[in-house]
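Student: have a look; sequence and predicted model below, questions after that.
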Number of protein chains: 4
Amino acid sequence: MSEQPRESAEADRRGGEGRSAQQGDWAQTWIGGSTIDSISVAGRDLPGDVMGKLTLTELTYLLVTRRDPTPSQRRLFDAVLVSLADHGLTPSALAARLTYTGAPEAIQGAVAAGLIGVGSVFLGPTGDTAEFLATAIARHGRADLGRTAALAVEEQRAAGLRVPGLGHPIHKVEDPRTPRVYELAAEEGLLDPHLELLELVAAVHADRSGKRLPINGAGAGGAALLDIGIPVEAVRGVVLVARTAGLVAHLVEEAARPVGMPLYLEVDRRANQT
Amino acid sequence: MSEQPRESAEADRRGGEGRSAQQGDWAQTWIGGSTIDSISVAGRDLPGDVMGKLTLTELTYLLVTRRDPTPSQRRLFDAVLVSLADHGLTPSALAARLTYTGAPEAIQGAVAAGLIGVGSVFLGPTGDTAEFLATAIARHGRADLGRTAALAVEEQRAAGLRVPGLGHPIHKVEDPRTPRVYELAAEEGLLDPHLELLELVAAVHADRSGKRLPINGAGAGGAALLDIGIPVEAVRGVVLVARTAGLVAHLVEEAARPVGMPLYLEVDRRANQT
Amino acid sequence: MSEQPRESAEADRRGGEGRSAQQGDWAQTWIGGSTIDSISVAGRDLPGDVMGKLTLTELTYLLVTRRDPTPSQRRLFDAVLVSLADHGLTPSALAARLTYTGAPEAIQGAVAAGLIGVGSVFLGPTGDTAEFLATAIARHGRADLGRTAALAVEEQRAAGLRVPGLGHPIHKVEDPRTPRVYELAAEEGLLDPHLELLELVAAVHADRSGKRLPINGAGAGGAALLDIGIPVEAVRGVVLVARTAGLVAHLVEEAARPVGMPLYLEVDRRANQT
Amino acid sequence: MSEQPRESAEADRRGGEGRSAQQGDWAQTWIGGSTIDSISVAGRDLPGDVMGKLTLTELTYLLVTRRDPTPSQRRLFDAVLVSLADHGLTPSALAARLTYTGAPEAIQGAVAAGLIGVGSVFLGPTGDTAEFLATAIARHGRADLGRTAALAVEEQRAAGLRVPGLGHPIHKVEDPRTPRVYELAAEEGLLDPHLELLELVAAVHADRSGKRLPINGAGAGGAALLDIGIPVEAVRGVVLVARTAGLVAHLVEEAARPVGMPLYLEVDRRANQT
């Protein structure tokens, strides 16, 4: 490897000038800590101010935004998380189950194997939509969202890129999750710029391309996460919390009713039958 | 590898007798599915019956128990999950951050790397305590928990094994999470056999060993998960959902304020300085 | 988590007594290092003494034993490694391929997912056999291997455990790898105590159980690795180097001729067809 | 997730037209297989034609190129592999060691955690250089490599991208691996277009940028892998085989002389000392 990133450090190491005075200052975190008679998370006393008071969803929100969600934000956050927790026997769920087949003694490894595959193909749309919308607003402002939508779609098309968050191979007319996300956001007064922009983007895209594509559930989820205040750089991460719940459920089911071993055996039989 | 587990399948493959009629019957899951105009999770309509109605904690409970939690179970489940979400710059959090240092383009890989290390040393106590308590009750019954505690502790000591869930290197007098778990369980009327048994086990252990060890937070959490109805074989899994939230938070922080690169650079400098 | 392992450190942290004087002494490794005009591996100059001089197999041997292999040891090491590199579309290879399906941008993640599943079920026999044989010799000596074999088999049977390294679901009469391992070891003069003991173990086992099981290829490989001087605690590790070669090959094939996506699609179709 | 990739399959699933006739044809691999009395790898008989005949390096070459290497290709392949096996206590090695700290029962998981971090930052240069050189030749031909170098460097600079394979933070005048790679390639008669092009690229870059950067060892390795016939899409993969050897060595050392636990304890102490 070229060790490119070591540059400054190496300069330092070889040069020897005094990093020692401050050498410990990187060893800090706001996420959690402990002392002899206390444990803290997010700067709060864990037993007194977190246990019994915050749900896991609320703690997740707190940890990535450093604020408490409002009840409305909390409800929409939960709705998006549960909408992304599982989609059946996906490649990720199958990888987790097959890993459990080989190493049932380490369930955390099987969950990890499932998460590794939640990459560009299957995690993409939620994070991609969030980045597309956040970038569009950063560049073109939120004063005139119609103009922002038009410019963003044109830029994307000029660059030869797909507009993320639109279209679905099965739900060609409507993704059943999308109207529910918009309905909940409206109920909670959270129909903010990103969800609105996504609707305008869909309309502009239909106009420019002559092809009407519905907003998919992943795109609506990505927009909603921004509208409840999740930082764009945390969108891909929080989705993983939801997906871990789905993967754990698959593995609990796998222990009782295996898919991995019979799947392997059938594939092996077919592969060697020729 | 010896391919030991392939036995029945191989017999089948070589023998050729007709598995074909039933060959698809393993490809089933209750966790999630979809049709042209619907998406389901845990057998329920995702947009109509899950989104906006269940929290991520409630869905996790539903997925591993196939029942809805009562409000009390839900509250105690959340309390245990948030108590296990993070413990600062643990080996697992450091491994996740160092993985992000090398591959920032794949946050899911960094989370996965963190989870892989949640093994016997750091995930152990919660799962071990749950298994110890569940086994004790399965063997010796819940009619006389004092007797069950005595027998279980004696069996463990006879086998030369540590009694799990007791003792803590820092919190030598009391783990601040433990009284909070018991307090919440009492408030919610959930002080059931496993939490009770763990207290009796601690007392028997002090009596037999002459050394009073407090119940640690991990042990109390494991007992509480059983008392709210989490199956013993799902205890290690559900803890991972909580831990994923903590790891994601570490990685969001890492992107803004790196620990991985300066840690590496300091270690590298020290290693090569001799 | 109970943080049990933090005991000494925590005592130290809280107590505050001076670890500072020696705080850097753990940051050392013999594996590799670099200075401004040199790079070393295993204490040798990488460009001058390793590149062009050692094969990857020889470097692996050097790194885990801290000695150079003899040509005979090198040949047998390579033979065992190539015998364990691949076994077709195993659960591990399928997990790697399915992970690539979801995250083709991160091939290292797909390899990692495949490795995670190389656990007790599929990596077991090689490591288990090595541990069984090494323990038997440690306990009962190598002076009378027949006696050692008898005692080891009896202990294993008394404990209700399977004797590792024997039996194969397909190759019921003979595993084709086993005679080849013995043949190569004989050719190279490496038929040492562990390979010999394994043959005696197979004979004792047949005698005691009344059931003749052939030595499987994994067991023979584990014994051979010990006889060429691989430390027993490194056996599970070195097998992973070989398996990585197989997994990489599967992923290069997967990119050209996908198995993951059609596998998923067929499973998904079956799962939702009911 | 939007399930975009499911399109054709879903069309198929919903449409119901007969995939059954050909449903098994994806379950094929050339990598490995077995029958009742044989095991094959790369289409060859494992015991007869691979064990005792091919080194792990040769099998790796065969598996990704489907050809045997010449002795010269084999020697240069080994030289590049050993040059990339380890670089001391890198973030990847530290992540592997810290994972072992938490889950010593699953060494394959610790290796996997180390591999996951071999991403864009630390695996990048080898694969990036290979892709850059292969693309340059595909676009501009190998007839006039000087012109190809000039065009490729200009395109890269016009796109605002760094030219990969050049420069090193420590070895500012010369990376000690690079002359050795060129020397070995010359000795073996393998100084082919990619290694030559890389030298021309370095010269053009120095001319255009006014800044002379040495070819780094990762870049030279990437070029050499192409010159020995490794397909460009397999470059990132084969490097992982070498890196696995390094990671396994770190973990064997870790078991005897831990870095992970004291590293954690020192970081934890510093983090909580404020």
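Tutor: The structure has been received and is ready for your questions. Numbering: from 1, shown residues only, chains lettered A, B, ... in the order given.
Student: and for A:Ala186, the neighbour number?
Tutor: Neighbour count for A:Ala186, taken as other Cβ atoms under 10 Å in any protein chain shown: 11. Where you see a C-beta, it was placed from the backbone N, CA and C, and this is true even at glycine.
Student: next: A:Ala159.
Tutor: Around A:Ala159 there are 8 other residues, counting by other Cβ under 10 Å.
Student: residues contacting it?
Tutor: Going by Cβ atoms under 8 Å, 6 or more residues apart in numbering or on different chains, A:Ala159 touches no other residue.
Student: repeat for A:Ala85
Tutor: Here A:Ala85 is in contact with A:Ala242, A:Arg243, A:Ala245, A:Gly246, B:Gly32, B:Val41, B:Leu56, B:Leu59, B:Leu63 (criterion: Cβ under 8 Å, 6+ apart).
Student: can you show me the helices along chain A?
Tutor: Listed in chain order, the helices of chain A (DSSP state H) span A:7-15, A:56-65, A:71-83, A:91-102, A:107-116, A:124-140, A:145-158, A:177-187, A:193-209, A:217-227, A:235-256, A:260-271.
Student: comparing those helices, which comes out most buried?
Tutor: helix A:107-116 (a mean of 34; mean count of other Cβ atoms under 10 Å in any protein chain shown).
Student: so how far is that helix off the chain centroid?
Tutor: When distances are taken as Cα atoms, centre = their mean, to the nearest Å, helix A:107-116 is centred 16 Å away from the chain's centroid.
Student: check which helices and strands it sits against.
Tutor: helix A:91-102, helix A:235-256, helix B:107-116, helix B:235-256, helix C:91-102, helix C:107-116, helix D:107-116 (3 or more Cβ pairs under 8 Å, 6 or more residues apart in numbering or on different chains; DSSP states H and E).
Student: how about A:Trp121: what's its closest non-neighbour residue?
Tutor: Not Trp; residue A:121 is Val. Computed as Cβ to Cβ, 6 or more residues apart in numbering or on different chains, the closest residue to A:Val121 that is not its neighbour in sequence is C:Gly102, at 5.0 Å.
Student: how about A:Pro193?
Tutor: Of all residues not flanking A:Pro193 in the chain, A:Arg142 sits nearest, at 4.7 Å (Cβ to Cβ, 6+ apart).
Student: also A:Gly221?
Tutor: Closest to A:Gly221 by Cβ to Cβ, 6+ apart is A:Val80, at 4.5 Å.
Student: got a pLDDT number for that neighbour?
Tutor: Looking at A:Val80, its pLDDT stands at 98.
Student: and the gap between it and A:Ala95?
Tutor: 24 Å (Cβ to Cβ, to the nearest Å).
Student: also A:Asp45?
Tutor: A:Asp45 is 39 Å from A:Ala95, by Cβ to Cβ.
Student: also A:Ala242?
Tutor: Taken as Cβ to Cβ, the span from A:Ala242 to A:Ala95 is 17 Å.
Student: just to revisit the earlier point, so which of the helices and strands packed on helix A:107-116 comes closest to C:Ile36?
Tutor: helix D:107-116 (26.2 Å; Cβ to Cβ).
Student: any idea of the angle the closest one forms with helix A:107-116?
Tutor: Orientation of helix D:107-116 against helix A:107-116 (axes from the mean of the first three to the mean of the last three Cα atoms, to 10 degrees) gives an angle of 30 degrees.
Student: mean confidence score for helix D:107-116?
Tutor: Rounded mean pLDDT across helix D:107-116 is 97.
Student: returning to that earlier point: so who does the residue nearest to A:Val121 touch?
Tutor: By Cβ under 8 Å, 6+ apart, the neighbours of C:Gly102 are A:Thr90, A:Pro91, A:Ser92, A:Ala95, A:Gly117, A:Val118, A:Gly119, A:Ser120, A:Val121, A:Phe122, A:Leu123.
Student: what residues are up against the first one?
Tutor: The reference is to A:Thr90. A:Phe122, C:Gly102, C:Tyr264, C:Asp268, D:Met1.
Student: 7 Å instead?
Tutor: A:Phe122, C:Tyr264 (Cβ atoms under 7 Å, 6 or more residues apart in numbering or on different chains).
Student: where does the residue nearest to A:Ala79 when sequence neighbours are not counted fall, phi/psi-wise?
Tutor: With Cβ to Cβ, 6+ apart as the criterion, A:Ala79 has its nearest non-adjacent residue at 4.4 Å, and that residue is B:Met51. Backbone dihedrals for B:Met51, given as degrees, to the nearest 10, come out at phi -60, psi 130.
Student: picking that back up, so can I have CSV of the helices and strands packed on helix A:107-116 showing distance to A:Arg157?
Tutor: CSV is the format used below for the helices and strands packed on helix A:107-116 (distance: least, Cβ to Cβ, whole Å):
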stretch, distance to A:Arg157
helix A:91-102, 30
helix A:235-256, 23
helix B:107-116, 28
helix B:235-256, 30
helix C:91-102, 27
helix C:107-116, 31
helix D:107-116, 35
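Student: what's the closest of these to D:Leu190?
Tutor: So among these, helix C:107-116 is nearest, using Cβ to Cβ, at 25.2 Å.
Student: tell me what angle the closest one forms with helix C:91-102.
Tutor: Going by the same axes, to 10 degrees, helix C:107-116 makes 150 degrees with helix C:91-102.
Student: who touches helix C:107-116?
Tutor: Residues contacting helix C:107-116 (Cβ under 7 Å, 6+ apart): A:95, A:99, A:103, A:109, A:112-113, A:116-117, B:106, B:109, B:116, C:92-93, C:95-96, C:99-100, C:103, C:240, C:243-244, C:247-248, C:251, D:108-109, D:111-112, D:115-116, D:118-119, D:123, D:236-237, D:240.
Student: ok, A:Ala159 to A:His250 distance?
Tutor: For A:Ala159, the distance to A:His250 - Cβ to Cβ - is 38 Å.
Student: I misspoke; the intended subject was A:Ala143.
Tutor: 46 Å.
Student: one more: A:His205?
Tutor: 35 Å.
Student: ok, A:Trp26 next?
Tutor: For A:Trp26 relative to A:His250 (Cβ to Cβ), the value is 38 Å.
Student: equivalent analysis for A:Gly117, please.
Tutor: To A:His250, A:Gly117 is 13 Å away according to Cβ to Cβ.
Student: show me the shaky parts of the stretch 151-274 of chain A.
Tutor: In the predicted model of the stretch 151-274 of chain A, residues A:273-274 satisfy pLDDT under 70.
Student: need the residues of it near chain B, please.
Tutor: Within the stretch 151-274 of chain A, the positions near chain B by Cβ under 7 Å from any Cβ of the partner chain are A:170-171, A:176-177, A:180, A:184, A:233-234, A:236-238, A:240-242, A:244-246, A:248-253, A:255, A:259, A:261-263, A:265-266, A:268-269, A:272.
Student: what subset of those residues is also close to chain D?
Tutor: A:Ile170, A:Asn272.
Student: for A:Leu263, give me its contacts.
Tutor: Here A:Leu263 is in contact with B:Trp26, C:Val267 (Cβ under 7 Å, 6+ apart).
Student: the one 4 residues further on too?
Tutor: Shown here is A:Val267, whose contacts under the criterion Cβ under 7 Å, 6+ apart are C:Leu89, C:Leu94, C:Leu263, D:Ala27.
Student: can you list the residues you listed in JSON lines and add distance to B:Asp227?
Tutor: Shown next, in JSON lines, are these (distance: Cβ to Cβ, whole Å):
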{"residue": "C:Leu89", "distance to B:Asp227": "43"}
{"residue": "C:Leu94", "distance to B:Asp227": "38"}
{"residue": "C:Leu263", "distance to B:Asp227": "41"}
{"residue": "D:Ala27", "distance to B:Asp227": "46"}
